[in-house]
Each structure stands twice: as C-alpha cells, then as structure tokens.
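Novice: Got a predicted structure here, sequence first:
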Amino acid sequence: MKSGLLLSGGMDSLSIAWWKRPDIAITIDYGQKAAIAEKQASAAVCRELGIEHHVITVDCSSLGSGDMAHAEPDPSAPASDWWPYRNQLLISLAAMRAIKARVNVLYIGTVRSDEGHRDGTKEFVRLMDALVSYQEWGMRVEAPAIGMTTVELIRASGVPAHVLAWSHSCHKSNLPCGACRGCNKYVESYEEVRGDLQEV
C-alpha cells in the first residue's frame, strides 16, 4: 500500500510524517501568509526521512480573510482566520497530486482539538473519505491522530526535539509572531512535551 500525507509543516502534520513515514508528502501554498516557512519546514522533515516531497501552488489569497490571509478579517467570519472550505480544498488538491503517484491512502493532520471547526470533526473526515474514494479509484482519506491531542500525537510519534523544532505554526508570518492561535498552540504544546522529547 502506498501512502501520502498532506503536510503543512505544523506540529501535527510534521509529527504524523515522523510517525507514519508516508511514501510522498504534499505541501500546498494556497496564498497563506506563512507559506514560505511552511514549505521550508515540510521540505526539512522530508529530507530527514527521505520522503518524496511535492509542492502545489494555487493562489487563493483573495478568498480568505484575517490572520492567515492577506485581507482584513471578515465581519461575519466565525474566527480571526477564515478560509471558507479550506480543508475541503486542500484535501482535494492533495488527492489530485496523490492519485498521480498511485497513492492508496492520504493522511491528514487533524487532531482532537480541531473539532471546534466542522472541517476538523470525525464526520468531516468520514465525508471526505467517502467522496474521494467514490469519485476516483478508491483512494482513502484518513486522519490517524483525530482522537489525540497535539501533545499525545507528539509523544506517540516519537518525533525527536530537533525535528519538532523545525515545525512552523504561525498564522500571520514566516517568522513566528508569538501572539496568534498557531504560535500559542506551539508554545503550549512544546512546553508540555519538552521533558519527553528525545534526540536521535
């Protein structure tokens, strides 16, 4: 079975890369502010593990708003960073590339704390899996860490400290701003697992 991973370069997907060792990884630059850093982090872990890395560039910057986009927050947005249908789009784009590589299962980095958004729920993953497998040659979509917190995933994956340090979680910049939801999650998670991390 050939596996692929939608790799953003954040703590969750980077830990899944270390844990699952997919055959290929796909990173998508869809116009987000931190695209350069996300691509660099993704490329670094792929080099470390010998994973074939693909980058897709599709400029959707005009469709988002707030922290991650190059636009003011939408007053009707449910959060400070909002890209309607973003995860649906990213999974579809990754699947388009993965199918060319004859991937059987496409992993995504959803964790338990993502359930605050509909596209972070088990039901969303089930629906995307059903749609992707129905539409083409039966490729499946799986979220192997959906029942875990980020901290539980990091521990389960065995990712070493120096690799985890490559991850980029900032929503606003290629350099961590230290104030957005992504940066806060990174700091809180890293502090909690600091004593458990191993070096290789």
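Specialist: It's in. Residues are numbered from 1 along each chain as shown.

Novice: element containing the residue lying farthest from the centre of the chain, please.
Specialist: In the chain, Pro75 marks the outermost C-alpha relative to the chain mean, sitting 26.0 Å out by Cα atoms, centre = their mean. Element membership for Pro75, per DSSP states H and E: none, as it lies in no helix or strand.

Novice: count of residues packed around Leu7?
Specialist: Leu7 has 32 neighbouring residues, counting by other Cβ atoms under 10 Å. Any C-beta I mention is one placed from the backbone N, CA and C, and that applies to glycine too.

Novice: scratch that, Met139
Specialist: As a burial measure, the neighbour count of Met139 was computed by other Cβ under 10 Å and equals 19.

Novice: what's near enough to touch it?
Specialist: Contact analysis of Met139 by Cβ atoms under 8 Å, 6 or more residues apart in numbering lists Ala95, Ala98, Ile99, Val103, Asn104, Val105, Leu106, Val132, Ser133.

Novice: at 10 Å what do you get?
Specialist: The contact partners of Met139, by Cβ atoms under 10 Å, 6 or more residues apart in numbering, come to 2, 4, 95, 98-99, 102-106, 129, 132-133.

Novice: Which ones among these map onto strands?
Specialist: The subset of the contacts of Met139 located in strands under the criterion DSSP state E comprises Gly4, Val105, Leu106.

Novice: what separates the closest residue to Ser65 other than its chain neighbours from His168, distance-wise?
Specialist: Among residues not flanking Ser65 along the chain, Asp74 sits closest, at 3.9 Å (Cβ to Cβ, 6 or more residues apart in numbering). Distance, Asp74 to His168, by Cβ to Cβ, to the nearest Å: 24 Å.
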